[in-house]
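*Asks:* My questions are about this predicted structure, shown below with the sequence.
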Amino acid sequence: MNEPLAVDLTTVVAEQPDRLLFATVSGAHLYGFPSRDSDVDLRGAHLLPAAELLGLDEPTETRSRMWDQDGVELDLVSHDLRKFVRLMLRRNGYVLEQLLSPLVVHTTDVHAEMIALAPDVLTFHHAHHYQGFAGTQWRLFDKSGELKPLLYTFRALLTGIHLMRSGTVQAHLPTLIEAIDAPSYLPELIAAKAAAEHAPAIGLDVAAVHDDVEKLHDVLEQAQRDSALPGEPLARRALSELVVRVRLER
């Protein structure tokens, strides 16, 4: 489904200061439209020592780092397990895409447990996440005229529709195009984006594209109304127990 990465990421795991529970690739590589000069977005969860959470000082629960390796820009963001799980329970589709990404750099039994619980985190409210993200990306496209935010707009809407209909998270745009009725020009835009990270959208009828985006917003709203997903996450207690158990077992 996704192209292999042209950089060895195994050393990234060994360099982390805290136990890494999982690390996956997100961003354009996950979404199926990386360009030759795309950076590699690494996302994951780690485990802080209990003393850092129990002491008087506020813990640094998120670690962020950007660097260049073998000519490729890497961007790593990792959350402590407790924070990552809290984000999961806030109807945050973004962290679920990271958790469920098939581009796995590092995994553990804890990662597998979190994946198993992910279906019981999904709700019909996740549609709002994808509606909002698509709106933000459309405004960026309207301002910049670049293909990247336009593809992000379509990807978010189609992921939301697929989630509402199937109860599963699918972030790969080429796969979504095959599963959902989408504008026929999207494969051409993906091919054009491959040439450069900030490629301009040339030759598009922006008014017609806007209409297509609005139609998909309507489809997503209808899919939300028809969705069989629950209104609240069902896995809160199980995830809380997981966080406590993993911390104590450290």
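*Replies:* The structure has been received and is ready for your questions. Numbers count the residues shown, from 1 in each chain.
*Asks:* can you tell me the helix or strand for the spatially closest residue to Q16 that is not a sequence neighbour?
*Replies:* In space, and not counting its chain neighbours, Q16 is closest to H46: 6.4 Å by CB to CB, 6 or more residues apart in numbering. (Glycine included, C-beta is placed from N, CA and C.) Element membership of H46 [criterion: DSSP states H and E] is strand 40-47.
*Asks:* which other helices and strands contact that strand?
*Replies:* Here strand 40-47 touches strand 19-26, helix 27-31, strand 72-80, helix 81-88, helix 93-100, strand 104-106, going by 3 or more CB pairs under 8 Å, 6 or more residues apart in numbering; DSSP states H and E.
*Asks:* which other helices and strands contact the second one?
*Replies:* Right, helix 27-31. Against helix 27-31 (3+ CB pairs under 8 Å, 6+ apart) you get strand 40-47, helix 147-166.
*Asks:* ok and the strand holding H46 relative to strand 72-80, angle-wise?
*Replies:* For strand 40-47 against strand 72-80, the angle between stretch directions is 20 degrees (axes from the mean of the first three to the mean of the last three CA atoms, to 10 degrees).
*Asks:* mean confidence score for whichever helix or strand comes after strand 40-47?
*Replies:* Going down the chain from strand 40-47, the next helix or strand is helix 50-54, by DSSP H and E. Helix 50-54 shows a mean pLDDT of 86.
*Asks:* picking that back up, can you tell me which of the helices and strands packed on strand 40-47 is nearest to R155?
*Replies:* Nearest of those to R155, taken as CB to CB: helix 27-31 at 5.2 Å.
*Asks:* That closest one - what's its average pLDDT?
*Replies:* In this model, helix 27-31 has an average pLDDT of 95.
*Asks:* now swap in stretch 118-131 and tell me
*Replies:* For stretch 118-131, mean pLDDT rounds to 98.
*Asks:* How is the chain divided into domains?
*Replies:* The chain breaks down by automatic domain parsing into domains covering 10-121+235-249, 126-226.
*Asks:* Give me the buried positions along the helix or strand of the chain with the lowest mean pLDDT.
*Replies:* Within the chain, no helix or strand scores below helix 10-14, which has a mean of 73 by mean pLDDT, DSSP states H and E. For helix 10-14, a neighbour-count test (16 or more other CB atoms under 10 Å) marks V12 as buried.
*Asks:* helices or strands up against it?
*Replies:* Applying 3+ CB pairs under 8 Å, 6+ apart, one finds that helix 10-14 contacts strand 19-26, strand 104-106.
*Asks:* Could the C-alpha coordinates of it be exported in CSV?
*Replies:* Extracted C-alpha coordinates of helix 10-14, given in CSV (Å, rounded to 0.1, in the frame of the first residue of the first chain):
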residue,chain,number,x,y,z
THR,A,10,16.2,1.7,13.4
THR,A,11,18.7,4.0,15.0
VAL,A,12,15.9,6.4,16.0
VAL,A,13,14.5,3.9,18.5
ALA,A,14,17.9,3.3,20.2
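*Asks:* If we go by neighbour counts, what in stretch 107-117 is buried?
*Replies:* In stretch 107-117, counting by 16+ other CB under 10 Å, buried: V110, H111, E113, M114, L117.
*Asks:* Kindly report the same for stretch 54-65.
*Replies:* E61, R63.
*Asks:* Just the CA coordinates for it, please, in CSV.
*Replies:* The C-alpha coordinates for stretch 54-65 follow below in CSV (Å, rounded to 0.1, in the frame of the first residue of the first chain):
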residue,chain,number,x,y,z
LEU,A,54,4.6,12.0,41.0
GLY,A,55,7.0,14.8,41.8
LEU,A,56,6.3,18.5,42.3
ASP,A,57,7.4,19.6,38.8
GLU,A,58,5.2,19.3,35.8
PRO,A,59,6.4,16.5,33.5
THR,A,60,7.4,17.1,29.9
GLU,A,61,5.0,14.6,28.4
THR,A,62,5.7,15.4,24.7
ARG,A,63,9.1,15.1,23.1
SER,A,64,9.7,16.7,19.7
ARG,A,65,12.8,16.6,17.6
